[in-house]
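Engineer: Turn this into a model:
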Amino acid sequence: MSDRGDTLAPAPGGSPWLLNLKLSIPGDVKAIEPAVEKILWVLSQLGCAAGKEFEVETALREALANAVVHGCGENPSKRVQFLVACNEDRSVTIVVRDPGKGFDPGAVPSPVERERLLAVHGRGIYLINQLMDDVRFRRGGTEIQMRKK
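Structural biologist: Down below sits the predicted model:
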């Protein structure tokens, strides 16, 4: 997602996109809630991910929070870019990219291991993987692509 106005490739199965929005928010946790609310409103108007709103909302909220906190270091002068798309079959694809150093998703410890069950953080990636149908990390861990059918 560059300033060129990147969009997603054609939707799976060749279906055209009903929605293909490119957005950004500052690296400030206060920017997450209004962005999520706006996106959910647009998705609901189009009937995208109907019946799966909780999963999409939670995954989007977690991905943006990780990008703001870890990728931007909660620095409002940095930006989190994200793209939200919905195709004719009403599946939703979300891509979130941050300007951070990235991370190795395989090195993130499981929050369901006994010694981590009572931890107060560290469940975001686990939740995203449980709630979304397809999750991929790219660009050295600075980008996550998620899909909900």
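Engineer: So residue 19 belongs to a helix, correct?
Structural biologist: No - the assignment for residue 19 is strand, going by DSSP: H, G, I helix; E, B strand; the rest coil, so no helix is present there.
Engineer: Helix or strand: which one has the closest residue to residue 20 other than its chain neighbours?
Structural biologist: When the adjacent residues along the chain are set aside, residue 20 lies closest to residue 85, with 4.6 Å between them (Cβ to Cβ, 6 or more residues apart in numbering). From N, CA and C alone the C-beta is placed, and that goes for glycine too. Residue 85 is part of strand 79-87, with elements assigned from DSSP states H and E.
Engineer: For the residue nearest to residue 20, list each beta-bridge partner.
Structural biologist: When assigned by DSSP bridges, residue 85 has beta-bridge partners residue 20, residue 93.
Engineer: Number of residues surrounding it?
Structural biologist: 21 (other Cβ atoms under 10 Å).
Engineer: my guess is it meets residue 22, correct?
Structural biologist: No - if you go by Cβ atoms under 8 Å, residue 85 and residue 22 don't touch, sitting 9.4 Å apart.
Engineer: For the chain, just list every one of the strands.
Structural biologist: For the chain, the strands defined by DSSP state E cover 17-26, 79-87, 92-97, 134-138, 143-148.
Engineer: what's the angle from the shortest one to strand 92-97?
Structural biologist: Relative orientation of strand 134-138 versus strand 92-97 (axes from the mean of the first three to the mean of the last three Cα atoms, to 10 degrees): 20 degrees.
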